[in-house]
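Asker: let's see this in three dimensions:
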Amino acid sequence: MNTKTIITGHSSGLGKALAGHYLQAGCSVLGLARRQVHLMPSEKLVQQQIDLGDGTALTAWLAGGFLERFIEGAGEIILINNAAAVAPNAVAGRQQAAEIAAAVPLNITAPMLLANHLIACKPEGAVLKIAHIGSGAGRNAYPGWSVYGAAKAALDHHARCIAAEQHPRVKIASIAPGVVDTAMQGEIRRAHQADFPMVQRFLDLKSEGGLSSPEAAAAEIAGMIASGSFGEEVIDDVRRLREGVK
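Answerer: Numbering: from 1, shown residues only. This next block holds a predicted model:
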């Protein structure tokens, strides 16, 4: 099957590991991020430098027909909405207004714009699989993560609504990847205790070896997307497979 994969935030962390995984599997990959990155095999990688947090720029880019040209002839299209900002790591009243304003369009608007566009323009016979990278922060209330958690909860509910609409040959799930050793985790560990009361938990996870590698998490997520049961669990978690829990 001719699979075309679109990955946001492919230039680092989990997104880079996902792009590498699909490239090694022989899939064509379109990476959307502010930076370009060297990945092999490079002949299968198309990169678009774009600030996904700029809704106006993303809307204009979508109107230009680039995605339609990329997915032409695909039997399977995979969209992985991975790009996200974790800041502000702070309780309400100690958050920076600029960080809130930057997080919401990147974490919520961009995934919704991309999903909407691909549902509208995908070839009729192609299967479209949409995977939001979710988080336990969107399913549990944590002090200091009212913005990040609300954004991830929004993606969960977006996935539920798209699934309820029953679009032909469209499957969707919001997948929590567990705690992955990325630059985002480093950012969390640098937070001040007064701002982010949970910081010690993340320091302990790092020191005790409780983080999964981006490559391991990417392989697990890709396996879930490849499964014939993808989309049956709309709100999903890689730890469901590891531990038998939802």
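
Asker: for Ala110, which residues are in contact?
Answerer: Shown in contact with Ala110 (CB atoms under 8 Å, 6 or more residues apart in numbering): Thr8, Leu52, Gly53, Gly55, Leu58, Asn81, Ala83. Glycine gets a C-beta too; all of them are placed from N, C-alpha and C.

Asker: give me the subset of those that lies in helices.
Answerer: Gly55, Leu58 (DSSP state H).

Asker: weed out the non-buried ones from the contacts of Ala110.
Answerer: Neighbour-count burial (16 or more other CB atoms under 10 Å) applied to the contacts of Ala110 gives Thr8, Leu52, Gly53, Gly55, Leu58, Asn81, Ala83.

Asker: with distance to Cys27 added, can I get those in JSON lines?
Answerer: JSON lines is the format used below for the buried ones among the contacts of Ala110 (distance: CB to CB, whole Å):
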{"residue": "Thr8", "distance to Cys27": "16"}
{"residue": "Leu52", "distance to Cys27": "21"}
{"residue": "Gly53", "distance to Cys27": "26"}
{"residue": "Gly55", "distance to Cys27": "28"}
{"residue": "Leu58", "distance to Cys27": "23"}
{"residue": "Asn81", "distance to Cys27": "17"}
{"residue": "Ala83", "distance to Cys27": "19"}
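
Asker: following whichever helix or strand Pro111 is part of, which helix or strand comes up?
Answerer: Assessed by DSSP states H and E, Pro111 sits inside helix 110-121. Next along the chain after helix 110-121, taking DSSP H and E as the criterion, comes strand 127-133.

Asker: run through who's touching the helix or strand following that next one.
Answerer: Beyond strand 127-133 in the direction of the C-terminus, DSSP H and E gives the next helix or strand as helix 146-165. Outside helix 146-165, the residues within contact range by CB under 8 Å, 6+ apart are 81, 84-89, 91-92, 95, 99-100, 103-104, 107-108, 111-112, 115, 119, 130, 132, 134-135, 137-142, 170, 172-174, 231, 234-235.

Asker: which among those residues end up buried?
Answerer: Neighbour-count burial within these applies to 81, 84-89, 95, 99-100, 103-104, 107-108, 111-112, 115, 119, 130, 132, 134-135, 137-139, 142, 170, 172-174, 231, 234-235; the criterion is 16+ other CB under 10 Å.

Asker: the strands in the protein, which residues?
Answerer: Remark: strands assigned in the chain by DSSP state E are 3-8, 28-33, 45-49, 76-81, 127-133, 170-176, 235-237.

Asker: how near is Gln193 to Ala85?
Answerer: Separation of Gln193 from Ala85 (CB to CB, to the nearest Å): 21 Å.

Asker: in the protein, which helix or strand is least confident?
Answerer: The helix or strand of the chain with the poorest confidence is helix 238-243; it has a mean of 75 (mean pLDDT, DSSP states H and E).

Asker: show me what contacts Ser231?
Answerer: That one is not Ser; residue 231 is Gly. Neighbours of Gly231 in contact, by CB under 8 Å, 6+ apart: Lys129, Ala163, Lys171, Ile172, Ala173.

Asker: what does Asp236 give?
Answerer: Gly134, Ala173, Ser174, Ile175, Ala176, Met224, Lys246.
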